[in-house]
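Colleague: Okay, predicted coordinates and the sequence, questions at the end:
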Amino acid sequence: MIPSIAWKNIWRNRTRSLVVIVAIALGLFGGLFASAFMLGMADERVSEGIRYETPELKVEHPKFEENLEPHFCITNADQKMAELKKLPFISGVSPREVASAMVQTATTSSGITLLGVDPDKEKTVSMLYQTIWDSTTVRKNRPDIANVSQFVVDSCGEYLSDNQHIPIIIGEKLAHKLKVKVRSKLVVTMQNYDGTLTGGAFRVVGIFRTSNTQFEEGNAFVLRSDLSTLMAVPENTVSQLSLRLKSRDQLSIVNQQVTALFPKLKVVTWQESDPILGMIDGLMLLYIVAFLVIILLALGFVIVNTMLMVILERVRELGMLMAIGMSKVRVFSMIMFETVLLTTTGGVIGMMLGYGTVLITSHTGINLSSVSQGLRAMGYSPMVYPHIDISILLMVTALVLITGLVASVFPAIRALNLKPVEALRQD
């Protein structure tokens, strides 16, 4: 009976109730969609990072990552690769030779990380080859960047292949910095296996473009055979073994399996390899919780203010109800139900609108190409696909209910403090 009376009381002043419901609905819609947008950006950043920049798992000498010295390497690489391929959750294994190098042109130079790869094997762990397109493919598959004429010119090239002569592929940012294009020559200097300086001339065969300009500027790829020859690396040794998994959810299982398989080597996950990339998920969740709490706190003040106005308008009515025998518990429950029902109604509408918008934009995406340069400088893609996890929806539902309950306490206590005799005297 009390919930029914509370629901009817809400609509005694339709305009005020509708204003509060709309305010709650818009607040939750904005909070939910903003949360989905931030999650979409974070997931896209992590996915692109794993696709192009860092493998899900890599195996290396325990001391290699400290200073990239070539003598800290993996021996019997072929045998270890064969053992890794037998593990059930691994879909690809690629050997890499890694060196800290200086790349030079006639006018400028830059420090980079030079990675020597086997093209066919590298394609099983990295999708970087998909970022090197000719102008026709760019205009067809990437309309968000098709108007960037410099990229269209520079991107005409191809990925590494074994039949090329001393090829190198570099990022668009590095190409602009060095002022080179496809078919330009670069001189690369690095430390060889015994610690002396060595170097060689490479020809640019392709220029890749990712959502991360820092990665583009700091990395270049060559054939592993060319780099091993320059560095005089012993046969059947590599700097790293990069792994791709069938599912990212199997990361911890594969990590344990590889660690047990090669106890003397170091197994590095993508979170450890790129700590900034690894902290994005947790950081975004904190942002979302803080954002939603701020929105619901603001809405809580609106609800409290509204219910206090309701009580002031109904002082005489509440006094009469208590005078004819309505218990304080029932009065308290009635005010609480009114507040909770008002909050829940607005919350359900807001969550439905927010979730519906997220479902639509998760398929169509949101194109932020107008600010793509700033996003790429931070490593984010200009295309965002918002999405929301069921855990976020449950959290929002709980927060809405808590907000309604907390906001109802003060107005309900204010109603209990009314004295029936004094309340009946008021106009």
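Modeller: Good, I have the coordinates. From a predicted model like this one, the values you see are computed outputs, not experimental measurements.
Colleague: longest strand anywhere in the protein?
Modeller: strand 90-104 (DSSP state E).
Colleague: ok, and for it, which residues are buried?
Modeller: Residues of strand 90-104 classed as buried by neighbour count (16 or more other C-beta atoms under 10 Å): Ile90, Gly92, Val93, Ser94, Pro95, Arg96, Glu97, Val98, Ala99, Ala101, Val103, Gln104. C-betas here are computed from N, CA, C, even on glycine.
Colleague: Could you check the pLDDT of the first one?
Modeller: Meaning Ile90. The pLDDT attached to Ile90 in the predicted structure is 92.
Colleague: Please apply the same query to the third one.
Modeller: Val93 is assigned a pLDDT of 94 by the prediction.
Colleague: what do you get for the last one?
Modeller: The pLDDT attached to Gln104 in the predicted structure is 92.
Colleague: I'd like the distance between it and Lys185.
Modeller: Shown here: Gln104 relative to Lys185, a distance of 10 Å by C-beta to C-beta, to the nearest Å.
Colleague: go on, the fifth one?
Modeller: When C-beta to C-beta is applied, the distance between Pro95 and Lys185 equals 27 Å.
Colleague: Next: the fourth one.
Modeller: Look at Ser94 and Lys185: by C-beta to C-beta, they are 27 Å apart.
Colleague: Please apply the same query to the first one.
Modeller: For Ile90, the distance to Lys185 equals 38 Å [C-beta to C-beta].
Colleague: The second one now?
Modeller: Gly92 sits 32 Å away from Lys185 when distances are taken as C-beta to C-beta.
Colleague: So which residues of this protein form strands?
Modeller: With DSSP E, the ranges of strands along the chain come out as 57-60, 90-104, 109-117, 167-171, 185-191, 197-208, 219-223, 240-245, 266-269, 366-367, 383-384.
Colleague: Tell me which residues are up against the first one.
Modeller: It refers to strand 57-60. For strand 57-60, the surrounding residues in contact (C-beta atoms under 8 Å, 6 or more residues apart in numbering) are 72, 74, 80, 84, 96, 239-243, 245, 251, 254-255, 258, 262, 265-270, 273.
Colleague: Packing partners of the longest strand of the chain?
Modeller: For strand 90-104, the elements it packs on are helix 77-85, strand 109-117, helix 119-122, strand 185-191, helix 224-231, strand 240-245, judged by 3 or more C-beta pairs under 8 Å, 6 or more residues apart in numbering; DSSP states H and E.
Colleague: could you check the angle strand 167-171 makes with it?
Modeller: Between strand 90-104 and strand 167-171, the angle formed by their directions is 90 degrees, by axes from the mean of the first three to the mean of the last three C-alpha atoms, to 10 degrees.
Colleague: Ile169 contacts Leu160, correct?
Modeller: Yes: contact criterion C-beta atoms under 8 Å: Ile169 and Leu160 qualify, at 6.1 Å.
Colleague: shared neighbours of these two, anything?
Modeller: Between them, Ile169 and Leu160 share the contacting residues Val205, Gly206, Phe221, Val222, judged by C-beta under 8 Å, 6+ apart.
Colleague: quick check, nearest of those residues to Leu405?
Modeller: Among the shared contacts of Ile169 and Leu160, Phe221 lies closest to Leu405 (C-beta to C-beta), at 57.8 Å.
Colleague: where does the stretch 51-200 of the chain dip in pLDDT?
Modeller: By pLDDT under 70, the weakly predicted segments of the stretch 51-200 of the chain are 133-156.
Colleague: Number of residues surrounding Pro119?
Modeller: 17 (other C-beta atoms under 10 Å).
Colleague: Equivalent analysis for Ser391, please.
Modeller: Residues lying near Ser391 (other C-beta under 10 Å) number 9.
Colleague: Could you check the pLDDT of it?
Modeller: Model confidence at Ser391, expressed as pLDDT, equals 79.
Colleague: Identify the residue nearest Leu243 in space, chain neighbours excluded?
Modeller: For Leu243, ignoring the flanking residues on the chain, the nearest one in space by C-beta to C-beta, 6 or more residues apart in numbering is Leu57 at 4.2 Å.
Colleague: which residues touch Ser126?
Modeller: Going by C-beta under 8 Å, 6+ apart, Ser126 touches Arg51, Tyr52, Pro55, Ser94, Ser242, Arg244.
Colleague: where does the nearest residue to the first one once chain neighbours are set aside fall, phi/psi-wise?
Modeller: The reference is to Arg51. In space, not counting the residues next to it along the chain, Arg51 is nearest to Met127; the distance is 4.4 Å by C-beta to C-beta, 6+ apart. Torsion angles at Met127 (phi, psi; degrees, to the nearest 10) stand at phi -100, psi 20.
Colleague: pretty sure Met127 contacts Glu53?
Modeller: No: at 10.3 Å, Met127 does not count as touching Glu53 under the criterion of C-beta under 8 Å.
Colleague: Name the residue in the two with the higher neighbour count.
Modeller: Using other C-beta under 10 Å as the criterion, Met127 and Glu53 rank with Glu53 on top: 21 against 14.
Colleague: if we can go back for a sec, let's have the helices and strands packed on strand 90-104 in JSON lines, adding distance to Arg330.
Modeller: Output for the helices and strands packed on strand 90-104, formatted as JSON lines (distance: least, C-beta to C-beta, whole Å):
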{"stretch": "helix 77-85", "distance to Arg330": "70"}
{"stretch": "strand 109-117", "distance to Arg330": "72"}
{"stretch": "helix 119-122", "distance to Arg330": "73"}
{"stretch": "strand 185-191", "distance to Arg330": "82"}
{"stretch": "helix 224-231", "distance to Arg330": "80"}
{"stretch": "strand 240-245", "distance to Arg330": "60"}
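Colleague: okay, those, which one's buried deepest?
Modeller: For the helices and strands packed on strand 90-104, the stretch with the most neighbours on average is strand 240-245, a mean of 23; neighbours defined as mean count of other C-beta atoms under 10 Å.
Colleague: That strand - contacts with which helices or strands?
Modeller: Based on contacts counted as 3+ C-beta pairs under 8 Å, 6+ apart, the elements that strand 240-245 packs against are strand 57-60, helix 77-85, strand 90-104, helix 251-261.
Colleague: Next, format those as a markdown table and append distance to Leu283.
Modeller: Compiled in a markdown table, the helices and strands packed on strand 240-245 are given as follows (distance: least, C-beta to C-beta, whole Å):
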| stretch | distance to Leu283 |
| --- | --- |
| strand 57-60 | 22 |
| helix 77-85 | 32 |
| strand 90-104 | 28 |
| helix 251-261 | 19 |
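Colleague: Sounds good, over and out.
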